[in-house]
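Student: Sequence and predicted structure below; questions after.
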Amino acid sequence: MNKKKILISAYAFNPTASFQLHPGEDAFGWKMVEQISREHDVWVITHSCNREGVLEALSRGEMPGVNIHFLELPAFLWKRCRTKWGQRIYYYFWQRAALKKAWELHQEIEFDLVHHLTKGQDWRASFMGAKLDLPFVWGPVGGVQRIPRGLGGEYSFVKRLAESVRRMGRWLGRHLPARKKCVRRARMILVCCQETRDKVPKRYRKKVRYFPTHGIDRGNIRVKPVKMRKQKKFRVITVGKNEWTGGFSLAVEAFYRFAADNPKADMTIVGKGQEREQIESLIRELGLADKITFQDWMEREELLKQMKLSDVFLFPSFRDEGAGVVVDAMACGLPVVCVAAGGAGFHVKEKWGIKIQPKSRQYVIDEMVRALSRLNKSEKLRAEMGEAARKRAKEYYEWGRLGKRMLEIYAQIM
């Protein structure tokens with residue numbers, strides 16, 4: 001086998017996938033490097049905040065042979081960049097430092113390919129990709145998801161203003177010279193959803209490939225085929241950050257209407273966030289305190305266990321480009337009800353889920369009620385969708401299969 005020397009930028013790269021860092025991206029970065037290193041020699045530049053988790057994994061013999069370089073900026077910058085905008089400024093300077101480190105390594109090692117793997121957003125250039133004279137893979141990238149027009153008017157002026165500022169900032173980023181050069185130089189651009197693909201200039205779309213930002217271990221995929229089973233209760237589970245873009249108020253209102261005709265139904269919400277108090281207040285207001293249970297973030301194994309005890313996964317978010325928990329639910333054999341946007345819109349097909357177009361708040365709620373009622377009434381439909389979801393997770397999202405796909409991309413462009 002002709003091994004190549006691969007340089008990877010992975011700001012998010014941590015086997016512990018801590019919620020204090022970048023849980024979904026951390027796990028993705030770690031698992032993909034593990035797969036890539038099976039066939040190539042790999043050097044990773046990552047942030048020093050990952051040091052503890054990475055070194056602990058290395059001491060257990062994980063990731064043998066991978067060269068990892070931890071990079072951080074002066075401590076005063078880290079302390080001052082706590083807001084979202086501050087973190088973006090910090091990451092800009094971190095990328096500049098990473099480029100300098102990459103150039104030094106390249107002079108010594110002479111890499112065959114550079115890959116910006118994590119912390120990828122289509123509106124923000126990869127400095128390694130733009131500046132190093134190497135075959136370049138960019139992604140998977142996201143960053144384009146916006147509030148659907150049909151739902152925007154339901155929220156406060158402040159939130160709509162913040163969304164407009166966010167949208168303008170991304171537009172500006174896409175028109176900066178470094179980002180344009182990044183798109184031009186990339187041999188392959190990996191995107192996580194349709195909306196991101198549409199932001200790539202048409203003349204470069206032949207370089208675009210869909211690639212998810214989440215995978216699943218073979219051991220976490222349900223082993224036995226999903227079969228029809230009678231249940232005493234109809235259990236709905238939903239997972240995500242309790243933020244206004246998470247759509248949890250829509251899910252609660254839909255469940256309220258659904259539960260009125262289905263008293264044996266209950267729902268579990270797993271997550272935390274700024275909107276939690278408002279969601280809990282809505283639950284009390286609707287008299288659902290005995291029907292809806294809140295649980296904080298939990299260990300992955302426990303979350304998968306909770307999913308396997310449920311009947312349906314409801315994902316109301318309308319601005320989540322990764323939507324990794326949807327893949328987890330599919331691996332557990334659950335049919336998915338979701339808003340047709342972002343990552344969920346990419347992951348879910350008709351065979352294993354019900355996608356709802358975000359036409360308006362009331363339309364989404366009505367369709368959620370209809371979807372839950374349909375799945376509650378038909379054990380056969382739940383079993384068929386759940387089994388199709390399980391097969392999809394096994395055949396497409398298992399880490400080994402994602403790794404093979406990435407290695408094929410490398411082979412194609414080198």
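Tutor: Good, I have the coordinates.
Student: The closest residue to P335 other than its chain neighbours: which element?
Tutor: Excluding the flanking residues, the one nearest P335 by CB to CB, 6 or more residues apart in numbering is M385, at 3.5 Å. Placement of C-beta: from N, CA and C, glycine included. Assigned by DSSP states H and E, M385 belongs to helix 379-392.
Student: The next helix or strand after that helix - contacts with which helices or strands?
Tutor: Toward the C-terminus, helix 379-392 is succeeded by helix 399-413 as the next helix or strand (DSSP H and E). Under the contact definition 3 or more CB pairs under 8 Å, 6 or more residues apart in numbering; DSSP states H and E, helix 399-413 sits against helix 23-36, strand 136-141, strand 188-191.
Student: Parallel or antiparallel, list what pairs with the second one.
Tutor: In the sheet, strand 136-141 lines up against strand 113-118 (parallel), strand 188-191 (parallel) (DSSP bridges).
Student: looking at those strands, which is buried most?
Tutor: strand 113-118 (a mean of 26; mean count of other CB atoms under 10 Å).
Student: So which residues of the stretch 1-150 of the chain form strands?
Tutor: All strands of the stretch 1-150 of the chain, identified by DSSP state E, counting those that start in this stretch, fall at 5-10, 41-47, 67-71, 113-118, 136-141.
Student: returning to what we had before: the residue nearest to P335: neighbour count?
Tutor: 25 (other CB atoms under 10 Å).
Student: so what's it up against?
Tutor: Shown in contact with M385 (CB atoms under 8 Å, 6 or more residues apart in numbering): 335-336, 351-353, 375.
Student: and if you look at W123?
Tutor: By CB under 8 Å, 6+ apart, the neighbours of W123 are 143-144, 169-174, 179, 199.
Student: again, only using 6 Å
Tutor: Contact partners of W123, counting by CB atoms under 6 Å, 6 or more residues apart in numbering, are 143, 170, 173-174.
Student: can you check A393 too?
Tutor: Counting by CB under 6 Å, 6+ apart, A393 has contacts 216, 221, 330-331.
Student: now those residues in JSON lines, with neighbour count and distance to V364?
Tutor: Shown next, in JSON lines, are these (neighbours: other CB atoms under 10 Å; distance: CB to CB, whole Å):
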{"residue": "I216", "neighbour count": "24", "distance to V364": "27"}
{"residue": "I221", "neighbour count": "20", "distance to V364": "30"}
{"residue": "M330", "neighbour count": "31", "distance to V364": "21"}
{"residue": "A331", "neighbour count": "25", "distance to V364": "26"}
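Student: A411: which of these is nearest?
Tutor: I216 (24.1 Å; CB to CB).
Student: Which strand residues bridge the closest one?
Tutor: Beta-bridge partners of I216, as defined by DSSP bridges: E398.
Student: So it sits against A331, correct?
Tutor: Yes. Using CB atoms under 6 Å, I216 makes contact with A331 at a distance of 4.6 Å.
Student: per-domain residue ranges of the protein.
Tutor: 5-215+398-413, 218-396 (automatic domain parsing).
Student: So for the shortest one, mean pLDDT?
Tutor: Put plainly, it is domain 218-396. For domain 218-396, the mean pLDDT works out to 91.
Student: Figure out which of the helices and strands packed on helix 399-413 is closest to I279.
Tutor: Of those, nearest to I279 by CB to CB is helix 23-36, at 20.6 Å.
Student: Would you mind pulling the contact partners of the closest one?
Tutor: 10, 12-15, 17, 42, 44, 63, 117-118, 213, 215, 322, 324, 399, 403.
Student: same check, this time on stretch 331-344
Tutor: By CB under 6 Å, 6+ apart, stretch 331-344 touches 145, 192-193, 216, 220-222, 226, 304, 307-308, 312-315, 318, 320-323, 326, 329, 348, 353-358, 371, 375, 382, 385-386, 390, 393.
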